[in-house]
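*Asks:* What shape does this take:
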Amino acid sequence: MASTSTQMASDSSPSNLGWTHEVFLSFRGEDTRYNFTDHLYNALVEKRIITFRDDKLKRGEKIAPELLNAIEKSRSSIVVFSKTYAHSTWCLDELAKIMECSRKYGQIVLPIFYHVDPSDVRKQTGRFGEAFTRYEENWKNKVQSWKEALTEASNISGWHVDDGYESEYIKNITSTIANRISNCKPLFVGDNLVGMDSHFKKISLKLSMESNDVRMVGICGISGIGKTTIAGYIYNQISWGFECSSFLEKVGETYKNKGPLHLQNILLNDILEGANQKVSNSLQGANVIKKSLPLRKALIIFDDVDDLEQIESLVGNRAWYGKGSRIIITTRDKQCIAKLNVDYLYEVEELKHDEALKLFNQNAFQPDLPKKDFKILSYCAIDYCRGHPLALKVLGSFLYGKTIGQWESELHKLE
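*Replies:* I've put the predicted structure just below:
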């Protein structure tokens, strides 16, 4: 992905982006544990790609909760379809969860067909068909979801390992993953974020990442409510699934101070991956953007848009974008994006009490300070801020290090 116009994170490790692993490795142990999958796992680790494999977990009838969590917290999944993959209900449950996360959160799925015909996986024929003849009687409630997951995964472009040197396939696979990781330049959206997972899950469902349609989502709310942070968090979660991406921050302010041409050139530099494409006027810029975007699956975030004119010269309309593209627009004025007929408008609400308390405490207290002595005063501060994230941060930082008496005095002034 190309560079963006906002601040990049200095540390892009998975844990700083909400992930715990970059790759979740799904495989049938009896088939590939000691050969192909083991070699692939070691190759990924050698490239410093943080990879989860589940061969140390105790197998049972139900998939383990820690495994479900590992899938959700992995940026991508590699699924090694081998001859008896479908003979394991554990593997099929795993796959169903992987494809669910792909649909909901845009996680990348990379299938490997290891000495199996992809059409057998897709249509559940051959050895895969044999497995399902045993499931119709005792697993009726799961058979359909398993079949759908197999069909969906097998329709994704991957690798068919049949003839040739396995080492060459593994080299190609690991290079593909490594390139995606290195090209993805995450944004710094803050440490110890509060409530982001909840926002992300709601919005990602409406982004419908499994669809090849062009989808537009608006995020609106009052100033300081967290619109930009939410958009940046979403960008970090899904951007590496796109051919190009751009995060244009403070569109309204930049548009007024530097004009549309400045923003258009930033956007072109991002989507054309640093090709140094520069335009000399905004009419030309709109036309070049319109011609460049349909060729690419793009993720573009227009942050803090406040006027219809900005939308017309930058966002354009759905016909400008390639299949599978996603456009997210943040604004304080939802009327200014009404003309776009967005697929979903997400109105950011104030933080709930427990979230507000957590955010306030992060800013108001040293780690070892006994918070219980300030409990009632903290509740007063939270009530005053009414769940507004920026207000909670500012007031918490202002009260940091002050005595109880000083807290009482400052809160009295605010009242």
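*Asks:* Skip the chain neighbours and tell me the closest residue to residue 353.
*Replies:* residue 382 (6.9 Å; Cβ to Cβ, 6 or more residues apart in numbering). Every residue, glycine included, has its C-beta placed from N, CA and C.
*Asks:* my read: that neighbour touches residue 357, true?
*Replies:* Yes: taking contacts as Cβ atoms under 8 Å, residue 382 lies within contact range of residue 357: 5.9 Å.
*Asks:* So for these two, which sits in the more crowded spot?
*Replies:* residue 382 (23 against 19; other Cβ atoms under 10 Å).
*Asks:* Is it correct that that one falls within a helix?
*Replies:* Yes: counting by DSSP: H, G, I helix; E, B strand; the rest coil, one finds residue 382 located in a helix.
*Asks:* which residues touch it?
*Replies:* 353, 356-357, 360, 392 (Cβ atoms under 8 Å, 6 or more residues apart in numbering).
*Asks:* Residue 286 now?
*Replies:* Residue 286 touches 264, 313-314, 316, counting by Cβ under 8 Å, 6+ apart.
*Asks:* can you put those residues in CSV and add distance to residue 44?
*Replies:* Below are the contacts of residue 286 laid out as CSV (distance: Cβ to Cβ, whole Å):
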residue, distance to residue 44
264, 39
313, 44
314, 39
316, 39
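*Asks:* doesn't residue 179 make contact with residue 47?
*Replies:* No: contact criterion Cβ under 8 Å: residue 47 and residue 179 do not qualify, at 10.3 Å.
*Asks:* Settle it for me: which of the two has more neighbours?
*Replies:* Just comparing residue 47 and residue 179: by other Cβ under 10 Å the higher neighbour count belongs to residue 47, 15 against 10.
*Asks:* pLDDT wise, what is that one at?
*Replies:* The score at residue 47 is 89. That number is its pLDDT.
*Asks:* which residues touch the spatially closest residue to residue 352 that is not a sequence neighbour?
*Replies:* Nearest residue to residue 352 in three dimensions, chain neighbours excluded: residue 387, at 6.9 Å (Cβ to Cβ, 6+ apart). The contact partners of residue 387, by Cβ under 8 Å, 6+ apart, come to 349-353, 355-356.
*Asks:* and residue 387, helix, strand or coil?
*Replies:* coil.
*Asks:* With the one 5 residues further on instead?
*Replies:* At residue 392, secondary structure determined by three-state DSSP is helix.
*Asks:* which residue ranges form the strands in the stretch 51-200 of the chain?
*Replies:* Using DSSP state E, counting those that start in this stretch, the strands of the stretch 51-200 of the chain run over residues 51-53, 76-81, 108-114, 159-161.
*Asks:* just those strands: most buried one?
*Replies:* Stretch with highest mean neighbour count among these: strand 76-81 (a mean of 26; mean count of other Cβ atoms under 10 Å).
*Asks:* Looking at the strands of the stretch 51-200 of the chain, which is nearest to residue 300?
*Replies:* Checking those against residue 300 by Cβ to Cβ gives strand 108-114 as the closest, at 18.9 Å.
*Asks:* Pull up the pairing partners for the closest one, direction included.
*Replies:* Strand 108-114 has its sheet partners listed here by DSSP bridges as strand 76-81 (parallel), strand 159-161 (parallel).
*Asks:* Nearest to residue 189 among these would be which one?
*Replies:* strand 76-81 (20.6 Å).
*Asks:* Check what contacts the closest one and list those residues.
*Replies:* 22-28, 31-32, 36-37, 40, 71, 95, 98, 101-102, 107-114, 116, 118, 121, 153-154, 173, 177, 180, 240.
*Asks:* Likewise for stretch 155-169?
*Replies:* 36, 39, 109-115, 118, 122, 172-173.
*Asks:* at 7 Å instead, please
*Replies:* Contact with stretch 155-169 is made by 36, 39, 109-115, 118, 122, 173, as judged by Cβ atoms under 7 Å, 6 or more residues apart in numbering.
*Asks:* again with stretch 198-205
*Replies:* By Cβ under 7 Å, 6+ apart, stretch 198-205 touches 104-106, 217, 230, 233-234, 237, 346.
*Asks:* The residues you listed in helices, which ones?
*Replies:* Among those, the ones falling in helices (DSSP state H) are 104-105, 230, 233-234, 237.
*Asks:* Is it possible to get a markdown table of these that adds distance to residue 185?
*Replies:* Formatted as a markdown table, the ones in helices among the contacts of stretch 198-205 follow (distance: Cβ to Cβ, whole Å):
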| residue | distance to residue 185 |
| --- | --- |
| 104 | 24 |
| 105 | 19 |
| 230 | 19 |
| 233 | 15 |
| 234 | 15 |
| 237 | 14 |
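*Asks:* Check pLDDT for those and point me to the minimum.
*Replies:* Scoring the ones in helices among the contacts of stretch 198-205 by pLDDT puts residue 105 last, at 76.
*Asks:* got the end-to-end distance for stretch 148-161?
*Replies:* 23 Å (Cα to Cα, to the nearest Å).
*Asks:* what does stretch 328-343 give?
*Replies:* Start-to-end, stretch 328-343 (Cα to Cα) is 10 Å.
*Asks:* Could you break this structure into its assigned domains?
*Replies:* Dividing the chain into domains by automatic domain parsing, as the record does, gives the ranges 14-182, 196-347, 353-414.
*Asks:* List the residues that contact the residue lying closest to residue 280 once chain neighbours are set aside.
*Replies:* Once flanking residues are discounted, residue 280 sits nearest to residue 261: 7.7 Å by Cβ to Cβ, 6+ apart. Applying Cβ under 7 Å, 6+ apart to residue 261 gives the contacts 279, 281-282, 285.
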